[in-house]
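Peer 1: Prediction below, plus the sequence it came from.
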Amino acid sequence: MKEKETITMTKEEIRRLKIINELVDKKINGPRASIELNLSVRQVRRIKSRFLLSGPKGIIHRGRGRSSNRSMNKDKENIIRYLINNKYSYFGPTLASEYLLKHDQISVSKETLRLMMIKEGVWIPKKKRQAYHHEWRQRRDRYGEMQQFDGSYHKWFGEKESCLLLSIDDATGKISHGVFDKNEGIIAVFKFWIRYIEKNGIPKSIYLDKFSTYKINHKNAEDNKDMITQFQRASKEVGIEMIVANSPEAKGRIERGNKTLQDRLVKALKFHRITSIEEANKYLEEQFIPEFNEKFAVVPKNKENVHKAIDDGVDIEDVFSIKNQRVVCNDYTVRFENNYFQLEQTQPTT
């Protein structure tokens, strides 16, 4: 006597068996069975053939009990686990996936890596935030039409806080220039834009915040148009339009860029063991910015570059320098910061 065999089936497979039995008994036809099972007629024919050949076992999915074709090799899994615990423990899944491919020649999806990192306890899943609707401003059409500019204070490398001055092109999303400095003061900002203009040319406009380096935020400034900052004066001299944002959300591209860099750039600097501002600026310009732009930049609507060349005879370092007006006294002296400077009676004409 043939021994009875026990078959374990899910509720869905039991339902499928019932429908296939009805099909075999000709209570329903193939098209009707396909509708009931939500399968094509061709798939129903194959299941029916397996049922006639193997009985109820033919209904069970043939992949049950077998390892997935996409399952990871154990040796590879162990190597990845070692690396995420010892080399990339401070990375997020997306960045760790990129670095594993680039530096260790190991290809693994960020989702697979995320699950592994959660299991290893090196990544805590984030709760989804409630989505708020913000009206997105359309990108400008051409490269150089608008540069979003900001300074971001952070512990970028080492234990001391420094400031990353950054400009992002509105049309392409490219980092057009970036440099680390001690602060976002006028001298640091002037040095930034001198280098930017030497490298790219003069942009049409700059979109920035109400920080005092860029705009006088005194109530009298609304009525007295002569009350302008050094940066406003220099921008006006070279024909750059200054656009001031009323909130951080208004210049979201540069704000999101800074947030991204506070993750990616900080980890990259730590990974390369960079601890000085000189090394950081060298890495930023020569390696990080080109790689970032290659990954995240978009194609503008219009491929025209609207940066202007510096006019002949214009000394850009002279324009972006601190200038103050003073009155010459009757004795040909000028007072500046509580110091007196004697001028010669005969002055060259300009």
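Peer 2: Okay, I see it.
Peer 1: alpha carbons only for contacts and neighbour counts from here, please
Peer 2: Fine.
Peer 1: Show me what the helix or strand where Arg253 lies is packed up against.
Peer 2: For Arg253, the host element (DSSP states H and E) is helix 252-271. In terms of contacts (3 or more Cα pairs under 8 Å, 6 or more residues apart in numbering; DSSP states H and E), helix 252-271 is packed against strand 147-154, strand 162-169.
Peer 1: If we use 6 Å, what do you get?
Peer 2: Judged by 3 or more Cα pairs under 6 Å, 6 or more residues apart in numbering; DSSP states H and E, helix 252-271 is in contact with no other helix or strand.
Peer 1: Just give me the neighbour total for Trp42.
Peer 2: Small correction: residue 42 is Arg, not Trp. Number of residues near Arg42 (other Cα atoms under 10 Å) recorded here: 12.
Peer 1: From the chain's centroid, how far away is the helix holding Arg253?
Peer 2: Remark: helix 252-271 is offset 7 Å from the chain centroid, using Cα atoms, centre = their mean, to the nearest Å.
Peer 1: Check stretch 286-302 too.
Peer 2: On Cα atoms, centre = their mean, the centre of stretch 286-302 falls 10 Å from that of its chain.
Peer 1: Number the residues from 11 up from this point.
Peer 2: Sure, I'll start numbering at 11, so the last one becomes stretch 296-312.
Peer 1: related to what we said a few turns ago, list the buried residues of the helix or strand just after the helix holding Arg263.
Peer 2: With elements assigned by DSSP H and E, the helix or strand that comes after helix 262-281 is helix 287-293. Of the residues in helix 287-293, Ile287, Ala290, Asn291, Tyr293 count as buried by neighbour count, 16 or more other Cα atoms under 10 Å.
Peer 1: just the angle between the next helix or strand after helix 287-293 and helix 262-281, please?
Peer 2: Using DSSP H and E, the helix or strand that follows helix 287-293 towards the C-terminus is helix 299-306. For helix 299-306 against helix 262-281, the angle by axes from the mean of the first three to the mean of the last three Cα atoms, to 10 degrees is 130 degrees.
Peer 1: For stretch 293-306, measure first residue to last.
Peer 2: Using Cα to Cα, to the nearest Å, one end of stretch 293-306 lies 18 Å from the other.
Peer 1: Can you tell me which of the buried residues of helix 287-293 is nearest Ile45?
Peer 2: The shortest approach to Ile45 among the buried residues of helix 287-293 belongs to Tyr293, at 60.9 Å (Cα to Cα).
Peer 1: How much space separates the most centrally placed residue in the chain from Lys305?
Peer 2: Central residue of the chain (Cα atoms, centre = their mean): Thr270, 4.5 Å from the mean position. Note on Thr270: its distance to Lys305, by Cα to Cα, is 13 Å.
Peer 1: in the protein, which spans are helices?
Peer 2: All helices of the chain, identified by DSSP state H, fall at 21-34, 40-47, 51-64, 84-96, 103-114, 120-130, 196-210, 240-248, 262-281, 287-293, 299-306, 326-329.
Peer 1: List just the one of those that sits closest to Tyr153.
Peer 2: Per Cα to Cα, nearest to Tyr153 of these: helix 196-210, 10.4 Å.
Peer 1: For burial, what's the neighbour tally of Met127?
Peer 2: 24.
Peer 1: how near is it to Gln272?
Peer 2: 21 Å.
Peer 1: and if you look at Lys209?
Peer 2: Plainly put, Lys209 is 25 Å away from Gln272 if you go by Cα to Cα.
Peer 1: Please say which of the two ends up with more neighbours.
Peer 2: Applying other Cα under 10 Å to Lys209 and Gln272 shows that Gln272 carries more neighbours, namely 17 against 11.
Peer 1: Please tell me the pLDDT value assigned to that one.
Peer 2: Per-residue confidence (pLDDT) for Gln272: 87.
Peer 1: quick one on the thing from earlier: could the buried residues of helix 287-293 go into a markdown table alongside distance to Ile90?
Peer 2: Formatted as a markdown table, these follow (distance: Cα to Cα, whole Å):
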| residue | distance to Ile90 |
| --- | --- |
| Ile287 | 32 |
| Ala290 | 29 |
| Asn291 | 31 |
| Tyr293 | 27 |
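Peer 1: CA atoms of stretch 46-59 as CSV?
Peer 2: Taking Å, rounded to 0.1, in the frame of the first residue of the first chain, the C-alpha atoms of stretch 46-59 are listed here in CSV:
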residue,chain,number,x,y,z
GLU,A,46,-10.7,33.8,-11.1
LEU,A,47,-7.0,33.2,-10.6
ASN,A,48,-6.0,36.6,-12.0
LEU,A,49,-3.6,34.8,-14.4
SER,A,50,-3.3,34.5,-18.1
VAL,A,51,-5.0,31.6,-20.0
ARG,A,52,-1.5,30.3,-20.8
GLN,A,53,-0.4,30.3,-17.2
VAL,A,54,-3.6,28.4,-16.2
ARG,A,55,-2.9,25.8,-18.9
ARG,A,56,0.6,25.2,-17.4
ILE,A,57,-0.8,24.9,-13.9
LYS,A,58,-3.5,22.4,-15.1
SER,A,59,-0.8,20.3,-16.9
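Peer 1: Can you mark which positions in that stretch are buried?
Peer 2: Using 16+ other Cα under 10 Å as the burial criterion, the residues of stretch 46-59 that qualify are Leu47, Val51, Val54, Arg55, Ile57, Lys58.
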